[in-house]
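*Asks:* give the three-dimensional model of this entry:
(2 chains)
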There are 2 protein chains.
Amino acid sequence: MSKPTAIVLLSGGLDSTTCLAIAQGDGFEVIALSFRYGQRHTNELECAAVIANAASVEHLIVDIDLAAFGGSALVDDSIEIPKHESVDELTADSVPVTYVPARNTIFLSFATAVAETRGSHDVFIGVNAVDYSGYPDCRPEFIEAFEAMANLATREAVEGGRLRIRTPLIDLTKAQIILRGLELGVDYSVTLSCYDPTDDGGSCGHCDACLLRARGFADAGISDPTRYSTKP
Amino acid sequence: MSKPTAIVLLSGGLDSTTCLAIAQGDGFEVIALSFRYGQRHTNELECAAVIANAASVEHLIVDIDLAAFGGSALVDDSIEIPKHESVDELTADSVPVTYVPARNTIFLSFATAVAETRGSHDVFIGVNAVDYSGYPDCRPEFIEAFEAMANLATREAVEGGRLRIRTPLIDLTKAQIILRGLELGVDYSVTLSCYDPTDDGGSCGHCDACLLRARGFADAGISDPTRYSTKP
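*Replies:* Residues are numbered from 1 along each chain as shown, chains lettered A, B, ... in the order given. Prediction:
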């Protein structure tokens, strides 16, 4: 019997790479889906390609027209990426400037379309509600609402199929994610979490993503294989 | 006081053009949003541009990467557009081959992003649940679920804003839509509804969209200004 197919959103970061390994571990044939949406650095797409190749999965890269975006530090060079000395300076009280308008909504919409055209009923997304940057579209209530909507949106749904948006990392700490990934054989040295990497792909060590990642490795008691341009 | 801004999804067809006129009539400053997604014919985008220009509104055209689509007669030349002799042959019992996977989900996701970046709380979409082709993503329950999801997805939502997905045509017959548009001064001669127009932009007269449109004009007792290559 052939394996069921899952679509895995793959950014090239620690979370989505772990998510891909979990989907494979759960017995799915994975199609990895990445987006070129005007990220400041395309290093993360190169990482995604390396990761997909190492995992021997098909890799689709979808171009997203930037017209819809703007107003986010992740796509607009004129907005500075916030840097901090320590992870304790991070708060999830407000939505940070690195939030990209409706990004996960658009990513999941494309994943829903790909799932339908490829006969898949499972979409994996590595959102996390514990060690995260406070983005609204990473919260469990958003994911539940998206799944409910998607199950009214498609031919597949009308014909009785059911799409599941799977979020295996949602309740894990960063340290737990890393330990789970290591069990599954993930090579974290090729993942890139940084919001503001140097031209040669080194991590800045001081953005929200770098600090959350560094704390995760520290808490897990594992040496972080990330190449930092400045040590966090 | 400046007018509130609304995003109007504009395909260049009869319904979305009427929707734009209604949004303007309701006092909104309109930004029209169209998509280039590999439609068989780009005539409809040319119509959309003419309509937006005539209405004196800003017009954004977003390119959608075709990678996600496929399996639809509207984007795949190898699948034939169904033709009928009369509108009575249409049934909404099953989802037709002209359905494009998750299209309205993707369109509304981009509209949500544009609304957020442009400070708008209103998205208009000309879906209709009476004289329609049986697409799952035109049903009121889909729209409600999308709105609920969007109101968990954005910074705007977290900060207490509320996005409304407005569907002023949803309960109208095609004839009622046409009469409403004429009251608002819509020039239907520049709209294009056909799924399979000729190279010079003439309507085929026998696809679902042509037959529903022709019946609408007949029921309204109005002469249809559409240029047909074959009379319906």
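
*Asks:* list of residues touching the top strand by length along chain A?
*Replies:* Looking across chain A with DSSP state E, the single longest strand is strand A:29-36. Taking contacts as Cβ atoms under 8 Å, 6 or more residues apart in numbering or on different chains, the residues outside strand A:29-36 that touch it are A:2-12, A:20, A:23-24, A:42, A:45, A:48-49, A:51-52, A:55, A:57-64, A:107, A:110-111, A:114, A:118, A:120. C-beta coordinates here come from the backbone N, C-alpha and C atoms, glycine included.

*Asks:* of those, select the buried ones using a ChimeraX command.
*Replies:* Applying 16 or more other Cβ atoms under 10 Å in any protein chain shown to the contacts of strand A:29-36 leaves a buried subset, and the ChimeraX line that selects it is:
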select /A:5,6,7,8,9,10,11,12,20,23,24,45,48,49,51,52,55,57,59,60,61,62,64,107,110,111,114,118,120
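
*Asks:* before we move on, the earlier item: neighbouring strands for the longest strand of chain A, and are they parallel or not?
*Replies:* Strands flanking strand A:29-36 in the sheet, each with its direction: strand A:5-9 (parallel), strand A:58-63 (parallel) (DSSP bridges).

*Asks:* avg pLDDT for that strand?
*Replies:* Averaging pLDDT along strand A:29-36 gives 95.

*Asks:* for it, buried residues please.
*Replies:* Buried, per 16+ other Cβ under 10 Å, within strand A:29-36: A:30-35.

*Asks:* show me the two of those residues that sit farthest apart.
*Replies:* Greatest spatial distance among the buried residues of strand A:29-36 (Cβ to Cβ): A:30 and A:35, at 16.5 Å.

*Asks:* lowest-pLDDT helix or strand in chain A?
*Replies:* Here the helix or strand of chain A ranked lowest by mean pLDDT, DSSP states H and E is helix A:155-158, holding a mean of 82.

*Asks:* which strands and helices sit next to that one?
*Replies:* On a contact count with 3 or more Cβ pairs under 8 Å, 6 or more residues apart in numbering or on different chains; DSSP states H and E, helix A:155-158 meets helix A:103-117.

*Asks:* report whether the helix it packs on contacts chain B.
*Replies:* Yes: Helix A:103-117 is in contact with chain B by Cβ under 8 Å from any Cβ of the partner chain, via A:103-106, A:109-110, A:112-114, A:116-117.

*Asks:* scan these and report the most crowded one.
*Replies:* Among those, the one with the most neighbours (other Cβ atoms under 10 Å in any protein chain shown) is residue A:112, at 30 neighbours.

*Asks:* let me see the contact set for it.
*Replies:* So residue A:112 contacts A:123, A:150, A:153-154, A:163, B:101-102, B:105 (Cβ under 8 Å, 6+ apart).

*Asks:* on that earlier part again, now the longest strand of chain A against helix A:103-117, angle please.
*Replies:* For strand A:29-36 against helix A:103-117, the angle by axes from the mean of the first three to the mean of the last three Cα atoms, to 10 degrees is 140 degrees.

*Asks:* ok, residues contacting whichever helix or strand comes after strand A:29-36?
*Replies:* Next in sequence after strand A:29-36, counting helices and strands by DSSP states H and E, comes helix A:43-54. Helix A:43-54 has contacts (Cβ under 8 Å, 6+ apart) with A:10-13, A:16-17, A:20, A:32, A:34, A:36, A:39, A:58-59, A:61, A:187, A:190-192, A:197, A:201.

*Asks:* returning to that earlier point: okay if I get the strands paired with strand A:29-36 as TSV plus mean pLDDT?
*Replies:* Output for the strands paired with strand A:29-36, formatted as TSV (pLDDT from 0 to 100):
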stretch	mean pLDDT
strand A:5-9	98
strand A:58-63	92
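
*Asks:* between these, which one is closest to residue B:229.
*Replies:* Here strand A:58-63 is closest among the strands paired with strand A:29-36 (Cβ to Cβ), at 34.4 Å.

*Asks:* sorry, back to before: identify each buried residue in the least confident helix or strand of chain A, please.
*Replies:* Within helix A:155-158, the residues that count as buried by 16+ other Cβ under 10 Å are A:155-158.

*Asks:* quick check, nearest of these to residue B:84?
*Replies:* Once Cβ to Cβ is applied, the member of those that ends up nearest residue B:84 is residue A:155, at 20.3 Å.

*Asks:* that closest one and residue B:103, how far apart?
*Replies:* Here residue A:155 is placed at a distance of 11 Å from residue B:103 (Cβ to Cβ, to the nearest Å).

*Asks:* now do residue A:9
*Replies:* Per Cβ to Cβ, residue A:9 is found 20 Å from residue B:103.

*Asks:* also residue A:216?
*Replies:* Between residue A:216 and residue B:103 the computed distance is 39 Å (Cβ to Cβ).

*Asks:* over to residue A:111?
*Replies:* Residue A:111 is 14 Å from residue B:103, where distance means Cβ to Cβ.

*Asks:* ditto for residue A:103
*Replies:* Residue A:103 sits 19 Å away from residue B:103, going by Cβ to Cβ.

*Asks:* now residue A:165
*Replies:* Shown here: residue A:165 relative to residue B:103, a distance of 19 Å by Cβ to Cβ.

*Asks:* quick check: residue A:114 touching residue A:6?
*Replies:* No: between residue A:114 and residue A:6 there is no contact under Cβ atoms under 8 Å: 10.7 Å.

*Asks:* list residues touching both of these two?
*Replies:* Common neighbours of residue A:114 and residue A:6 (Cβ under 8 Å, 6+ apart) are A:31, A:120.

*Asks:* thought residue A:121 was touching residue A:165?
*Replies:* No: if you go by Cβ under 8 Å, residue A:121 and residue A:165 don't touch, sitting 10.5 Å apart.

*Asks:* list the contacts of residue A:125.
*Replies:* So residue A:125 contacts A:8-9, A:16, A:19, A:104, A:107-108, A:111, A:143, A:165-167 (Cβ under 8 Å, 6+ apart).

*Asks:* show me which residues of stretch A:219-232 are buried.
*Replies:* A:220, A:224, A:226, A:228-229, A:232.

*Asks:* out of these, the closest to residue B:174 would be?
*Replies:* residue A:226 (59.0 Å).

*Asks:* ok, that closest one touching residue A:216?
*Replies:* No: assessed by Cβ under 8 Å, residue A:226 is found out of contact with residue A:216, at 10.7 Å.

*Asks:* which stretches of chain A form helices?
*Replies:* Assigned by DSSP state H, chain A shows helices spanning A:14-25, A:43-54, A:103-117, A:140-153, A:155-158, A:174-183, A:208-220.
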